[in-house]
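Asker: Sequence unavailable; structure follows:
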């Protein structure tokens, strides 16, 4: 049995992780702001919060509150640092807020660990695939390439592929491993990079074991259906249940690595418990790229509802084209193997979403905000 503090533990990953830790007999404390964007207008009535409230010592507050965080860190063996503002697009115009929360909160945690008495032996930091920016590619001669942003000129002309700068031909996508170039394309990605680097640099000096988990797109039952920054699965599911049109950006062939929540929890448990995890960074994903057109068709199939679908060619500045995880390191070191294929995960997600029904969403408002700031074309 371990004493474990989970910052941001009332969120999607945290609330599911707590079920596994509780079943394992661990003693769990949670520090969380219960953000309205994640939990709705009545956060203490949210499904995620209610699933954990009887299983943890809950502390309502921010990781940026020195006194509160200092108290939360006392008598803990492990810290799982999930607390962060999420949302690639939103981060581009809430720069100070994202930086203060994500980087500032992590820096404060490490400052407290360095300067007050504690029992912490391991810190697991929730990093992100966003630190890679575009994924890893091969050129025509099989040379490795880590492309920069796609040009505005190409995007406006409808050329969405990632092109070789020398030949202007499409590069070939391959899995992104942990040694790949770190070059985030958003403020959110930058904050996740700095969070990871702070933990991996400072913790060893304090005789604390650091572990970084670079999560891909985690999905499944329990995620917020109303948060417009939670990802296309929730957004599209809510549109379908409301029988509203789906607007697919670019050409619908842009892809992501979708990892089911149970698999993400398994990887996180290994990061907490496995002795070989110490000092390492791990991708957490399915290892398979899935394009947006496939996501849409699978959702429509499972809901059994027909709605208009438009592939509009709209695009967001700063969006990447592709990224999927190379899992060799986490597989070989920790024995992790994703167990839920996308088709099965989508079925489970849709069955759960149906029980809740459509939710109010700020999705259209979020798009309007991006348009006003010139981030959505």
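Answerer: Here it is on my side, so go on. Treat the numbers as computed from the prediction; the structure is a model and nothing was measured.

Asker: And the strands in the stretch 201-350 of the chain, which stretches?
Answerer: Along the stretch 201-350 of the chain, the segments classed as strands by DSSP state E, counting those that start in this stretch run 209-215, 217-219, 246-248, 255-260, 280-284, 289-291, 309-311.

Asker: how far is the helix or strand of the chain with the lowest mean pLDDT from where the chain is centred?
Answerer: Least confident helix or strand of the chain, by mean pLDDT, DSSP states H and E, is helix 36-39 with a mean of 75. Centre-to-centre, helix 36-39 and its host chain are 16 Å apart (CA atoms, centre = their mean, to the nearest Å).

Asker: Residue 261 is in contact with residue 338, correct?
Answerer: No - counting by CB atoms under 8 Å, no contact exists between residue 338 and residue 261, whose distance comes to 11.3 Å. From N, CA and C alone the C-beta is placed, and that goes for glycine too.

Asker: For residue 195, which three-state class applies?
Answerer: Secondary structure assignment for residue 195 (DSSP: H, G, I helix; E, B strand; the rest coil): helix.

Asker: quick one: low-confidence parts of the chain?
Answerer: Residue ranges of the chain with pLDDT under 70: 40.

Asker: Taking their axis directions, the strand or helix carrying residue 200 and strand 280-284 sit at what angle?
Answerer: For residue 200, the element it lies in under DSSP states H and E is helix 187-202. Here helix 187-202 runs at an angle of 150 degrees relative to strand 280-284 (axes from the mean of the first three to the mean of the last three CA atoms, to 10 degrees).

Asker: Only the buried residues of helix 187-202, if you could.
Answerer: 187-200, 202 (16 or more other CB atoms under 10 Å).

Asker: starting at the chain centroid, how far to stretch 309-322?
Answerer: Worked out by CA atoms, centre = their mean, stretch 309-322 lies 19 Å from the chain centre.

Asker: Quick check: bridge partners of residue 58?
Answerer: Beta-bridge pairing of residue 58 under DSSP bridges involves residue 30.

Asker: From residue 194, how far off is residue 184?
Answerer: 10 Å (CB to CB, to the nearest Å).

Asker: nope, residue 110 is what I was after
Answerer: Using CB to CB, residue 110 is found at 12 Å from residue 194.

Asker: now do residue 66
Answerer: Distance, residue 66 to residue 194, using CB to CB: 19 Å.

Asker: between the buried residues of helix 187-202, which is closest to residue 125?
Answerer: residue 199 (4.2 Å; CB to CB).

Asker: tell me the contacts of the closest one?
Answerer: Listed by CB atoms under 8 Å, 6 or more residues apart in numbering, the contact set of residue 199 reads 81, 106, 110, 123, 125, 210, 212.

Asker: same question, residue 204
Answerer: Contacts of residue 204 were listed using CB under 8 Å, 6+ apart, and they are 210, 279.

Asker: from what I can see residue 268 touches residue 17, true?
Answerer: Yes - using CB under 8 Å as the test, residue 268 is close enough to residue 17 to be in contact (5.4 Å).

Asker: if I look at residue 267, how far off is residue 31?
Answerer: 22 Å.

Asker: Apart from its neighbours in sequence, what residue is nearest the residue of the chain most remote from its centre?
Answerer: Relative to the centre of the chain, the most outlying C-alpha is that of residue 167, 33.9 Å out, by CA atoms, centre = their mean. Excluding the flanking residues, the one nearest residue 167 by CB to CB, 6 or more residues apart in numbering is residue 140, at 6.3 Å.

Asker: helix or strand for the one you found, which one?
Answerer: For residue 140, there is no host helix or strand (DSSP H and E).

Asker: Against residue 133, how distant is it?
Answerer: Distance of residue 140 to residue 133, computed by CB to CB: 22 Å.

Asker: can you give me how far the helix holding residue 200 is from the chain middle?
Answerer: 14 Å.

Asker: That one vs strand 209-215, what angle?
Answerer: Using the same axes, to 10 degrees: helix 187-202 against strand 209-215 is 160 degrees.
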